[in-house]
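# Here is my input, please return the structure:
(2 chains, ligands or ions: 1)
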Amino acid sequence: MLDPVPLRGLGGGGEPERLESLLNRVARGDEEAFSKLYDRISAAVFGMARRVVRDPARAEEVAQEVFLQVWQGANRFDAERGSAKTWILTLAHRRAVDAVRHDQASTDREQRLDWSGGPDYDSVQEEVGTRLEHEQVRRCLQNLTDLQREAITLAYFGGYTYVEVSSLLEANTATVKTRMRDGLIRLRDCLGVIR
Amino acid sequence: MTADLHTLGGAYALDALTPDEHEQFKQHLATCASCRAELVELQATAARLSDVTWSAPPASLKRRLMDAVSRSSQERPVNVRLARGPWQRRAPMLLAAAAVLVVIASLGTSLVERHRISDLETQQSALAEVLTADDKTMLVRRLDDGGSVTMFVSASLDQAVMAMDELPPLDDKHSYQIWRIQRGGPVSEVVISRDQSTGAVTRLVDDVGDTEALAITVEPAGGSPQPTTEPIVTIAIT
Ligand SMILES: [Zn+2]
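Next comes the predicted model:
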């Protein structure tokens, strides 16, 4: 699997097709492009969903809905508002969070607090690019204050609202809201995220 | 309140706002360029978090998806008894075309917004009633040559709304015509005049209970009593 982050710089012939270009083809009903897009981004979508909803079968449902949504709605992708990866992962995260909030009555959400187990690399065909991306995110998360990091990871991987995060961390809601924002900004600068 | 709203972008990018605040912030985004600009970057940052949880899904997921996008014709056949006419020979094609659509009612508001429903709602309350009915389902079909058709059906109201968005323009010798497909065969619903067919066109269709599908064909200008070409789109009403 290849690095799903848009490649910059000189476009050599050996570079994989950009996700944005695949998405454009998907919008025209190109199944082969859909298949390639899936191969490139499904582990990110499924892995995130699995972390958020915990149950692998439920995560599969979430991923399936997300990819159908991508197939149907690819023409709504707006490059002005971010990369293809961001668009798909944003859809996926919203979907996963909806699922976990919907299911929350039946689950002990406290169990989801632990995300220190690390990624499920056993099932991933690991490549250097992915590994680097992963290490960079981990390193940048370590650059945050504890409150920033916990607020962000509880929200993103735990599917908690900032109100819930506040009570879990015994912090003021206004503070948590602010830490989510300034933490993401610090993360953005560390990762060198550009649109 | 407004100063407060500017700080919600982080929680919004993490999907961590309460439903009320989520809506509030969405409205704020419409009027605040700096929050919009910031959000683009914060969402890109949040998406990067998924890099640390990579996990390959089971291969069966891809098979199901590829099936869904390529062969969904078996799943949603339209039981149309066609009248004598050109469509009779086209039956297998019609079935295939009808069934490619995927129900995505759960797709929700972003899609609805994109289909300019807010404009439609102000046009006609009957349309709005269907679009806001609790039991409405939404079906979207993208056309091979561009444009899309979205259909909303409410069984309780026995009505449907067809929203045609940017259909390919026709020359002045041709018109789009909408057909109801009923047991006795296709019945003309309406001919869309040329000046209507640019941009977004909507059509409220009554009494859909007996109708098995709606279809659109390209006909000689002014329309035909029976379809003379194969449909560019057929949407089953279920
Ligand atoms: Zn603002």
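
# How many residues are close by B:Ala37?
12 (other Cβ atoms under 10 Å in any protein chain shown). (Each C-beta comes from the backbone N, C-alpha and C, glycine too.)

# Whichever helix or strand it is part of: which residues count as buried?
Using DSSP states H and E, B:Ala37 maps to helix B:33-48. Buried residues in helix B:33-48, defined by neighbour count with 16 or more other Cβ atoms under 10 Å in any protein chain shown: B:Cys35, B:Glu38, B:Leu39, B:Val40, B:Glu41, B:Leu42, B:Gln43, B:Ala44, B:Thr45, B:Ala46, B:Ala47, B:Arg48.

# near chain A at all, the helix or strand following it?
From helix B:33-48 onward toward the C-terminus, using DSSP H and E, the following helix or strand is helix B:59-70. Yes: Helix B:59-70 lies within reach of chain A by Cβ under 8 Å from any Cβ of the partner chain, at B:Leu61, B:Lys62, B:Arg64, B:Leu65, B:Met66, B:Ala68, B:Val69, B:Ser70.

# out of those, which are buried?
Buried among the residues of helix B:59-70 next to chain A by 16+ other Cβ under 10 Å: B:Leu61, B:Lys62, B:Leu65, B:Ala68, B:Val69.

# tell me the contacts of A:Val163?
A:Thr173, B:Thr18 (Cβ atoms under 8 Å, 6 or more residues apart in numbering or on different chains).

# buried sites along the helix or strand where it lies?
Secondary structure assignment for A:Val163, by DSSP H and E: helix A:162-169. Counting neighbours by 16+ other Cβ under 10 Å, one finds that the buried residues in helix A:162-169 are A:Tyr162, A:Val163, A:Glu164, A:Val165, A:Ser166, A:Leu168, A:Leu169.

# quick revisit: how about JSON lines for the buried ones among the residues of helix B:59-70 next to chain A, with pLDDT added?
Output for these, formatted as JSON lines (pLDDT from 0 to 100):
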{"residue": "B:Leu61", "pLDDT": "94"}
{"residue": "B:Lys62", "pLDDT": "95"}
{"residue": "B:Leu65", "pLDDT": "93"}
{"residue": "B:Ala68", "pLDDT": "87"}
{"residue": "B:Val69", "pLDDT": "87"}
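
# For those, which two are the farthest from each other?
Spatially, the most separated pair among these is B:Leu61 and B:Val69, at 12.8 Å (Cβ to Cβ).

# Which strands or helices does the strand or helix carrying A:Val137 pack on?
A:Val137 belongs to helix A:128-142 when assigned by DSSP H and E. Helices and strands touching helix A:128-142, by 3 or more Cβ pairs under 8 Å, 6 or more residues apart in numbering or on different chains; DSSP states H and E, are helix A:146-158, helix A:173-191.

# Restrict the last one to CA atoms and write it as PDB.
Once side chains and other backbone atoms are set aside, the C-alpha atoms of helix A:173-191 remain, and they are given as PDB (Å, rounded to 0.1, in the frame of the first residue of the first chain):
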ATOM      1  CA  THR A 173     -15.200  22.700  29.400                       C
ATOM      2  CA  ALA A 174     -14.000  26.100  28.100                       C
ATOM      3  CA  THR A 175     -10.400  25.000  28.700                       C
ATOM      4  CA  VAL A 176     -10.800  21.700  27.000                       C
ATOM      5  CA  LYS A 177     -12.400  23.400  24.000                       C
ATOM      6  CA  THR A 178      -9.500  25.800  23.800                       C
ATOM      7  CA  ARG A 179      -6.900  23.000  24.200                       C
ATOM      8  CA  MET A 180      -8.400  21.100  21.400                       C
ATOM      9  CA  ARG A 181      -8.000  24.000  19.100                       C
ATOM     10  CA  ASP A 182      -4.500  25.200  20.200                       C
ATOM     11  CA  GLY A 183      -3.400  21.500  20.400                       C
ATOM     12  CA  LEU A 184      -4.500  20.900  16.800                       C
ATOM     13  CA  ILE A 185      -2.700  24.100  15.700                       C
ATOM     14  CA  ARG A 186       0.500  23.000  17.300                       C
ATOM     15  CA  LEU A 187       0.100  19.600  15.700                       C
ATOM     16  CA  ARG A 188      -0.500  21.200  12.400                       C
ATOM     17  CA  ASP A 189       2.700  23.200  12.700                       C
ATOM     18  CA  CYS A 190       4.700  20.200  13.800                       C
ATOM     19  CA  LEU A 191       3.400  18.000  10.900                       C
END
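
# Just confirm yes or no for that helix near the ion.
No: counting by Cβ under 5 Å from the ion, the ion has no neighbours in helix A:173-191; the shortest distance is 11.3 Å.

# Can you tell me which helices and strands that helix packs against?
Checking 3+ Cβ pairs under 8 Å, 6+ apart, helix A:173-191 ends up next to helix A:128-142, helix A:146-158, helix A:162-169, helix B:9-13, helix B:33-48.

# What residues sit buried inside the helix or strand of chain A with the lowest mean pLDDT?
When the helices and strands of chain A are compared on mean pLDDT, DSSP states H and E, helix A:128-142 comes out lowest with a mean of 82. Neighbour-count burial for helix A:128-142, counted by 16+ other Cβ under 10 Å, picks out A:Thr130, A:Arg131, A:Glu133, A:His134, A:Gln136, A:Val137, A:Cys140, A:Leu141.

# what residues go with each domain of chain A?
A:15-113, A:123-195 (automatic domain parsing).

# Export those domains as a markdown table, with columns for distance to B:Ile232.
Listed next are these as a markdown table, based on distance: least, Cβ to Cβ, whole Å:
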| stretch | distance to B:Ile232 |
| --- | --- |
| domain A:15-113 | 14 |
| domain A:123-195 | 37 |
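
# What number of neighbouring residues does B:Asp206 come out with?
Quick note: B:Asp206 (other Cβ under 10 Å) scores 12 neighbours.

# ok now do A:Gln64, which residues does it touch?
Contacts of A:Gln64 (Cβ under 8 Å, 6+ apart): B:Leu61, B:Arg64, B:Leu65.

# of all the residues of helix B:59-70 next to chain A, which comes closest to the ion?
The closest of the residues of helix B:59-70 next to chain A to the ion turns out to be B:Leu65 (Cβ to the ion; 37.7 Å).
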